[in-house]
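Novice: need coordinates for the below:
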Amino acid sequence: MLLWKQLVREQITSEDIEAIDIQSFTMINEMEKTMSENDQSIDLDDVLSSILDELRFEVVSSNGSTFELVPNGQEIPVTIANFKEYCASYRNYRLNEFHRQIEFIRQGLYSIIPGYFLSLFTGSELEEAVCGKGEIDVELLKRNTNYGSAYSQDAPCIQRFWIVLSILFTEEQKKLFLKFVWRRCTLPNRDEDFTTRFTINGFDITNGPVDGALPRSHTCSFVLDLPEYSSTDVMYDRLNYAITYCSSIDGDGNMNEMPMIQQVLSTIESS
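Specialist: Numbers count the residues shown, from 1 in each chain. From the prediction side, this is the model:
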């Protein structure tokens, strides 16, 4: 949301900034809370000092490079005394990290549409106009689906498929499914916005039972190869397994930071 709000020059909130790097900001917020609520029953030096010793006035940027928050920041340890300064510098960096890129995007948009046009949108409205709605409209997808020679829209297997997608899947599962078959998490807003229709093909399984096979996707062409599962329960299980374990996992922040963040939270909770 930060990108879209900045494009339309909408007021940025702390939640927008923290959404960029949820895990690191969770650590920072927990440590700030511990310091502000300290009733002297907790020895902050013992609880936090060993953790802060691992931090320096630097940050891992979104492209994986290291950026110093202050001159010679890699040599300056974060302490209880300067922790507030570190937090302020960290938040300011995340707020302005993409400033140059966003300005280029804005100027590119201005070359196509009048500048005042963007001011008519909120950040969320612009995001929806560009990326589509957050909720998956299964009926919209259904209207824009083709079927290969093995299936028709009235085939029992296809009926089971739509029951799973429209009724049994949660909103998050629907997004995972869309990512599995199309490498995106939203649909176009209208029928006429579909430049590629979804296609469901049959999938002949020659090795082993059909119910034990997983579906196969072709993300570039928005195609699902679907085995003819025997029941709705099997359909749900096989699809859910595929969308959960057979697509790439997107993380927040640098995964190398996870052990330190987990140490911070476990240390604070145990105190």
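Novice: got the CA positions of stretch 3-22 in PDB?
Specialist: As requested, the backbone C-alpha atoms of stretch 3-22 are provided in PDB (Å, rounded to 0.1, in the frame of the first residue of the first chain):
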ATOM      1  CA  LEU A   3       3.700   2.500  -3.100                       C
ATOM      2  CA  TRP A   4       0.200   3.400  -4.100                       C
ATOM      3  CA  LYS A   5      -0.200   6.000  -1.400                       C
ATOM      4  CA  GLN A   6       3.000   7.600  -2.300                       C
ATOM      5  CA  LEU A   7       2.100   7.700  -6.000                       C
ATOM      6  CA  VAL A   8      -1.100   9.700  -5.200                       C
ATOM      7  CA  ARG A   9       0.700  11.600  -2.400                       C
ATOM      8  CA  GLU A  10      -1.700  10.300   0.300                       C
ATOM      9  CA  GLN A  11      -0.800  10.500   4.000                       C
ATOM     10  CA  ILE A  12       1.400   7.600   5.000                       C
ATOM     11  CA  THR A  13       0.700   5.800   8.300                       C
ATOM     12  CA  SER A  14       3.100   3.900  10.500                       C
ATOM     13  CA  GLU A  15       1.300   0.700   9.500                       C
ATOM     14  CA  ASP A  16       2.000   1.400   5.900                       C
ATOM     15  CA  ILE A  17       5.700   1.700   6.600                       C
ATOM     16  CA  GLU A  18       5.900  -1.400   8.900                       C
ATOM     17  CA  ALA A  19       4.100  -3.500   6.300                       C
ATOM     18  CA  ILE A  20       7.300  -3.300   4.200                       C
ATOM     19  CA  ASP A  21       9.300  -5.300   6.700                       C
ATOM     20  CA  ILE A  22       6.800  -6.900   9.100                       C
END
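Novice: where do the domain boundaries of the protein fall?
Specialist: 2-99, 138-245 (automatic domain parsing).
Novice: distance from the shortest one to the middle of the chain?
Specialist: In this view, domain 2-99 has its centroid 21 Å away from the chain centroid, taken as C-alpha atoms, centre = their mean, to the nearest Å.
Novice: can you show me the helices along the stretch 51-200 of the chain?
Specialist: Secondary structure of the stretch 51-200 of the chain (DSSP state H, counting those that start in this stretch): helices located at 83-96, 99-110, 115-118, 123-131, 138-143, 156-163, 171-182.
Novice: could you say which of these is packed most deeply?
Specialist: helix 171-182 (a mean of 19; mean count of other C-beta atoms under 10 Å). Every residue, glycine included, has its C-beta placed from N, CA and C.
Novice: pull the residues that contact that helix.
Specialist: 135-136, 138, 165, 169, 184-187, 198, 217, 219, 222-224, 239-240, 242-244, 246-247 (C-beta atoms under 8 Å, 6 or more residues apart in numbering).
Novice: what comes into contact with stretch 107-120?
Specialist: With C-beta under 8 Å, 6+ apart as the criterion, stretch 107-120 contacts 7-9, 106, 126.
Novice: isn't R197 right next to R143, touching?
Specialist: No. R197 lies out of contact with R143 (C-beta atoms under 8 Å); the separation is 9.4 Å.
Novice: buried among the contacts of helix 171-182? Make that a PyMOL selection.
Specialist: The buried residues among the contacts of helix 171-182 can be selected in PyMOL (16 or more other C-beta atoms under 10 Å) with this line:
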select buried, resi 136+138+165+169+185+186+187+198+217+222+223+224+239+240+242+243+247
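Novice: among the contacts of helix 171-182, which are located in strands?
Specialist: Using DSSP state E, the members of those that fall in strands are 198, 217, 223-224.
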